[in-house]
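In: predicted model follows, preceded by the sequence.
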Amino acid sequence: MADQIRLTQLAHGGGCACKIPPGDLEEMVRGLTGVTWDSLLVGLDDGDDAAAVRIEGGRAVLSTADFFTPVVDDAYDWGRIAATNALSDIYAMGGRPVLAINLLGWPREVLPRELASEVLRGGLDVAREAGCPLAGGHSIDSPEPTYGLAVTGIGEPGRLMRNDAAEAGLPISLTKPIGVGVLNNRHKATGEVFGPAIEVMTQLNAAASEAALAAGIKAATDVTGFGLLGHLHKMARASGVTAVLDRRAVPVLDGVRESMADGFVPGGSRRNLDWVRPHLQADGVDDLELVLLADAQTSGGLLVAGEIPGAPVIGELVPAYADGATIAVR
């Protein structure tokens, strides 16, 4: 019976597409920014991937949490994807995860316990791959299934990669293709399984993070629920630059454009574009192409201000445009 249950049908959204829209979220936290602590290195102000504090011994402790509703029907794969996504926040800051705990919401009267065990097993296997102990956590009886991790990492204060450290003159690189939001939307509607999308979502960003640190990268983020355009906008805005994006250089998973033409476009991707559009120059660019660039990703790649081996260059950072545009799509 468990293998006949479609987890995606039990959630109103899936993966990072179920995030609160970026505009709404910024309104919610607007009065909470500007808080200072002597030990705080990175806080809420620029929407970085993790918080960071300086501790004794000259180290930085990083902390993050990420959880979401099912993005695929297979319980084990969902656990793997959710854990990979949560660990990514630490890698995006240039840190190394050292401890994680489970965050689980489970509709006990609807779903069997063995499915929850499969979700947790997927998370554990990814944590093992990352060399990060996964121990304990917290669970609740929830109307919708949710799963993720709270993760603690460590890093060097002077080598943290931040949203606000991008500089004009640097190239922009992306370490994973986009389009998983569209394919997950199709999976939810039809049950079709897209192996390459699962492979992308379960690929740790550890190697990309190490390569970025080795290259002296100062600014990076991971591309998740706000889409490539949304996360690029946040980085450019925080850094006081404009990003010129070459849309033809952005890697896209096979089948994504065909799926969009068939109508499988997540609502979260359209909301992302609506949020970014006032800050966007995109004369002559088809709206569907812009929606793709704003596609809500789950466990996406690192977006890097600089160049690292194996990652395509998708644009460049330039001095801020006079009209206030943070992104120009070419």
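Out: Structure received. Numbering: from 1, shown residues only.
In: strands of this structure, residue ranges please.
Out: 40-42, 51-55, 59-68, 96-106, 134-141, 146-155, 171-174, 220-222, 241-245, 280-281, 302-305, 313-319, 327-329 (DSSP state E).
In: what separates the residue nearest to the spatial centre of the chain from Leu183, distance-wise?
Out: In the chain, the C-alpha nearest the mean C-alpha coordinate belongs to Thr224, at 2.4 Å (C-alpha atoms, centre = their mean). Separation of Thr224 from Leu183 (C-beta to C-beta, to the nearest Å): 15 Å. Placement of C-beta: from N, CA and C, glycine included.
In: from what I can see Tyr147 touches Gly105, true?
Out: Yes: using C-beta atoms under 8 Å, Tyr147 makes contact with Gly105 at a distance of 7.4 Å.
In: between the two, tell me which one has more neighbours.
Out: Shown here are Tyr147 and Gly105; by other C-beta atoms under 10 Å, Tyr147 has more neighbours (27 against 18).
In: against Asp254, how distant is that one?
Out: In this view, Tyr147 and Asp254 are 28 Å apart by C-beta to C-beta.
In: repeat that for His12.
Out: 28 Å.
In: with Leu273 instead?
Out: 23 Å.
In: more crowded one of the two?
Out: Leu273 (21 against 12).
In: which residues sit in contact with the spatially closest residue to that one that is not a sequence neighbour?
Out: Leaving aside its chain neighbours, Leu273 sits nearest to Ala294 (4.0 Å; criterion: C-beta to C-beta, 6 or more residues apart in numbering). Ala294 sits next to 227-230, 269-270, 272-273, 276 when contact means C-beta atoms under 8 Å, 6 or more residues apart in numbering.
In: so which of these are in helices?
Out: 227-230, 269-270, 272-273, 276 (DSSP state H).
In: now for those, which pair is the farthest apart?
Out: Leu228 and Arg270 (14.4 Å; C-beta to C-beta).
In: who has more neighbours out of the two?
Out: A count of neighbours by other C-beta under 10 Å puts Leu228 above the other of Leu228 and Arg270, at 26 against 16.
In: I figured that one hits Ile178, correct?
Out: Yes: with contacts defined as C-beta under 8 Å, Leu228 counts as touching Ile178 at a distance of 5.6 Å.
In: any common contacting residues for these two?
Out: Taking C-beta under 8 Å, 6+ apart as the contact rule, Leu228 and Ile178 both touch 250, 293, 295, 297, 300.
In: correct me if wrong: the fourth one contacts Gly230.
Out: When you say that, I think you mean Gln297. No: using C-beta under 8 Å, Gln297 makes no contact with Gly230, being 9.6 Å away.
In: between the two, which has more neighbouring residues?
Out: Gln297 (33 against 29).
In: tell me how far that one lies from Pro177.
Out: Counting by C-beta to C-beta, the gap from Gln297 to Pro177 is 10 Å.
In: check contacts around Val313.
Out: 171-173, 249, 307.
In: least confident of the strands of the chain, on average?
Out: Note on these: strand 40-42 shows the lowest mean pLDDT, a mean of 74.
In: which strands or helices does it pack on?
Out: strand 51-55 (3 or more C-beta pairs under 8 Å, 6 or more residues apart in numbering; DSSP states H and E).
In: the strand it packs on vs strand 59-68, what angle?
Out: Angle, strand 51-55 to strand 59-68, by axes from the mean of the first three to the mean of the last three C-alpha atoms, to 10 degrees: 160 degrees.
In: could you figure out how far strand 51-55 is turned away from strand 146-155?
Out: Going by the same axes, to 10 degrees, strand 51-55 makes 40 degrees with strand 146-155.
In: quick one: strands adjacent to strand 51-55?
Out: strand 40-42 (antiparallel), strand 59-68 (antiparallel) (DSSP bridges).
In: and it, which residues are buried?
Out: By 16 or more other C-beta atoms under 10 Å, the buried positions in strand 51-55 come out as 51-53.
In: before we move on, back to that, and which of the shared contacts of Leu228 and Ile178 is nearest to Gly153?
Out: Once C-beta to C-beta is applied, the member of the shared contacts of Leu228 and Ile178 that ends up nearest Gly153 is Gly300, at 18.6 Å.
In: I figured the closest one hits Thr221, correct?
Out: No: if you go by C-beta under 8 Å, Gly300 and Thr221 don't touch, sitting 9.9 Å apart.
In: which of these two has more residues huddled nearby?
Out: Between Gly300 and Thr221, counting by other C-beta under 10 Å, Gly300 is the more crowded of the two (31 against 28).
In: what sits against that one?
Out: Applying C-beta under 8 Å, 6+ apart to Gly300 gives the contacts 88, 176, 178, 180, 200, 222-224, 228.
In: same thing with Gly324?
Out: Gly324 neighbours (C-beta under 8 Å, 6+ apart): His279.
In: distance of it relative to Gly169?
Out: Distance from Gly324 to Gly169, by C-beta to C-beta: 20 Å.
In: and for Ala305?
Out: To Gly169, Ala305 is 10 Å away according to C-beta to C-beta.
In: can you check Thr190 too?
Out: With distances taken as C-beta to C-beta, Thr190 is found 45 Å from Gly169.
In: now Trp275
Out: Using C-beta to C-beta, Trp275 is found at 27 Å from Gly169.
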